[in-house]
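Asker: Predicted model and sequence below, questions to follow.
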Amino acid sequence: MCAEAARRKCTLYDCDVRAAFTTATMDRELYFEGPRPFTEKGKCCRCDKSVEGSKQAGNLYYKEHAQVFTKKIGLERCPADPNLYRKCWDDGSFLYIGVLVDNSLILPSSKEKLEWFLTEYRKHYSITGGEPTTKFNGVYLEQNVEKGTVSIHLRTYIEQVYRKYVTAPARPQLHPTESLADSHEKFMAIELAKEPDPAMADKDYDGIVGCLGYIVAQGRPDCSFHVSWLQQFSTSPPLAAWQAAITVLLYLYHTRDSCITYGGRSDFLRCDTEPKVDKDALLHNSGLLCWSDASWGTVRSHGGHVITYMGAAICWVSRLLKVVCLSSTEAETVAGVAAVKDLRFVLHILDFFGVKVKGRVPLLIDNAGMWFNIRNEGVSGRTRYWDLWMHFTREMYQKGMLEPHKVDTTEERADIFTKAMSMKAIADYFKFRNDIMNIKHANA
């Protein structure tokens, strides 16, 4: 929604349904004991509307709200994401709505279309809002319609988490791991505690990792790998894991003004590729790119990908691969399948927004074996045991959805999603971070 608002140079608005979980009609007979002063002895109350806190409330509201949007207001529901709606008029005007529980993020072509929707919405629910969005689901938005940019940041939330978990003065961190030559090796060497660590007795490890996970998911892809790596120690965290989590938090606090900015750039690809990416098609597609990478050499490889649109990340993932890979090509292929699945979902969403993607979407990888296997059918001793799902990327290539492009390892943006980068590669880390978050343009 934010990237589309930047592309169309339109303003995002939001609204909220009051007491949403008490508005739906109960789908079964449900009785409860009423308050003593208002209920006669021996009698009970029948519940005609859903009750806040009941098991049925959320589901009933979700179903009834969808019926209101589609049957009564006349919106079209997205088949790929049932929480996305639209209405398009013959004169070219439009209205897109993304729903999160009882909150709606609205992208109208004009203020008149916004007022039309709010008027129709108020016929069925009591709502608040209707103003330009400055905060949605804990994420702050800064919109500049004239420049065609939308920035999202979590500055306030990061400050709250910092005050909660950092109780003593600490020096700023310029990197998610300690700024030492071997800090990345120590980070990757963290292991589960074999026995409960007494030093962790008074420390809320699940709490801090949960907060970091929210920050990463909402708008800080530069720490995706570090948080994903730390989440695996929740069952028996050692003190080293706690210290590493604090270091990540210190880095986020030091860079809390960094934000993702959509729009404001046209140089969507800043590296050479083989074969060359069609720059005209890339500009037409508003910089739609998919970067994918994986690490290899450990028992469990780590894979990651990022999809960029309007100059910044719209989808990113960093996680352990679910299979034990026997080669770097196999690890890259498994990670690539996850990337292509997300890319396919993104294409469905863009199609719902009326975006006509020109040509194939570039899939940027740094593994020659994977590049060859995608483009050529056949098997070898190293690939004949692969499961069918591992050929999904090739299938999408044959259907014309994507085009694999090789890039140099030092230019692979998804590299920061696969490992903790050393201080020797700190320049690459910041280059990748600034590119996928469009930080340079955001601060200009």
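Answerer: That came through, no problem.

Asker: How many neighbouring residues does residue 291 have?
Answerer: For residue 291, the neighbour count with other Cβ atoms under 10 Å is 28. (C-beta placed from N, C-alpha, C; glycine too.)

Asker: Shouldn't it be within a strand?
Answerer: Yes: counting by DSSP: H, G, I helix; E, B strand; the rest coil, residue 291 is part of a strand.

Asker: In contact with it, which residues are there?
Answerer: For residue 291, the contact set (Cβ atoms under 8 Å, 6 or more residues apart in numbering) comprises 305-308, 339, 364-365, 412-414, 436.

Asker: Any quick PyMOL command for the buried ones out of those residues?
Answerer: Command for PyMOL that selects the buried part of those, burial taken from 16 or more other Cβ atoms under 10 Å:
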select buried, resi 305+306+307+308+339+364+365+412+413+414+436
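
Asker: Nearest to residue 257 among the contacts of residue 291?
Answerer: residue 436 (17.0 Å; Cβ to Cβ).

Asker: which of the residues in stretch 170-189 are buried?
Answerer: Across stretch 170-189, burial judged by 16+ other Cβ under 10 Å covers 173, 175-178, 183-184, 187.

Asker: From those residues, which one has the minimum pLDDT?
Answerer: Lowest in pLDDT among these is residue 178, which has 81.

Asker: quick one: which helix or strand includes the closest residue to that residue other than its chain neighbours?
Answerer: Leaving aside its chain neighbours, residue 178 sits nearest to residue 247 (5.9 Å; criterion: Cβ to Cβ, 6 or more residues apart in numbering). Element membership of residue 247 [criterion: DSSP states H and E] is helix 239-254.

Asker: Repeat that for residue 64.
Answerer: Using DSSP H and E, residue 64 sits within helix 57-67.

Asker: With residue 208 instead?
Answerer: Secondary structure from DSSP H and E places residue 208 in helix 205-219.

Asker: how many degrees apart are the helix holding residue 247 and helix 205-219 in direction?
Answerer: 40 degrees (axes from the mean of the first three to the mean of the last three Cα atoms, to 10 degrees).

Asker: by contact count, what packs against helix 239-254?
Answerer: Judged by 3 or more Cβ pairs under 8 Å, 6 or more residues apart in numbering; DSSP states H and E, the packing partners of helix 239-254 are helix 155-165, helix 205-219, helix 224-231.

Asker: what does the last one rub up against?
Answerer: To tie it back to what came earlier, the one meant is helix 224-231. 176-177, 187-188, 190, 209, 212-213, 215-216, 241, 244-245, 248, 302, 304, 316-320, 416-420.

Asker: And those residues, which of them are buried?
Answerer: Neighbour-count burial (16+ other Cβ under 10 Å) applied to the contacts of helix 224-231 gives 176-177, 187, 190, 209, 212-213, 215-216, 241, 244-245, 248, 302, 304, 316-320, 416-420.

Asker: got a list of what the nearest residue to residue 128 once chain neighbours are set aside touches?
Answerer: Once flanking residues are discounted, residue 128 sits nearest to residue 16: 5.1 Å by Cβ to Cβ, 6+ apart. Residues in contact with residue 16 (Cβ under 8 Å, 6+ apart) are 102-104, 127-129.

Asker: Could you verify that residue 16 is part of a helix?
Answerer: No: Residue 16: not assigned to a helix; according to three-state DSSP it is strand.

Asker: before we move on, back to that, can the contacts of residue 16 go into CSV with extra columns for neighbour count and secondary structure?
Answerer: Formatted as CSV, these follow (neighbours: other Cβ atoms under 10 Å; DSSP: H, G, I helix; E, B strand; the rest coil):
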residue, neighbour count, secondary structure
102, 19, coil
103, 15, strand
104, 25, strand
127, 16, strand
128, 10, strand
129, 15, strand
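
Asker: Tell me the one among the residues you listed nearest to residue 136.
Answerer: Using Cβ to Cβ as the measure, the one of those that approaches residue 136 most closely is residue 103, at 6.8 Å.

Asker: you'd agree the closest one is up against residue 15?
Answerer: Yes: counting by Cβ atoms under 8 Å, residue 103 touches residue 15, with 7.5 Å between them.

Asker: distance of residue 5 from residue 75?
Answerer: Look at residue 5 and residue 75: by Cβ to Cβ, to the nearest Å, they are 18 Å apart.

Asker: Give me the contacts around the helix or strand where residue 186 lies.
Answerer: Assigned by DSSP H and E, residue 186 falls within helix 183-188. With contacts defined as Cβ under 8 Å, 6+ apart, helix 183-188 is touched by 175, 177-178, 226, 229, 240, 244, 419-423.

Asker: Pull the distance from it to the chain's centre.
Answerer: From the chain centre to the centre of helix 183-188 is a distance of 26 Å (Cα atoms, centre = their mean, to the nearest Å).
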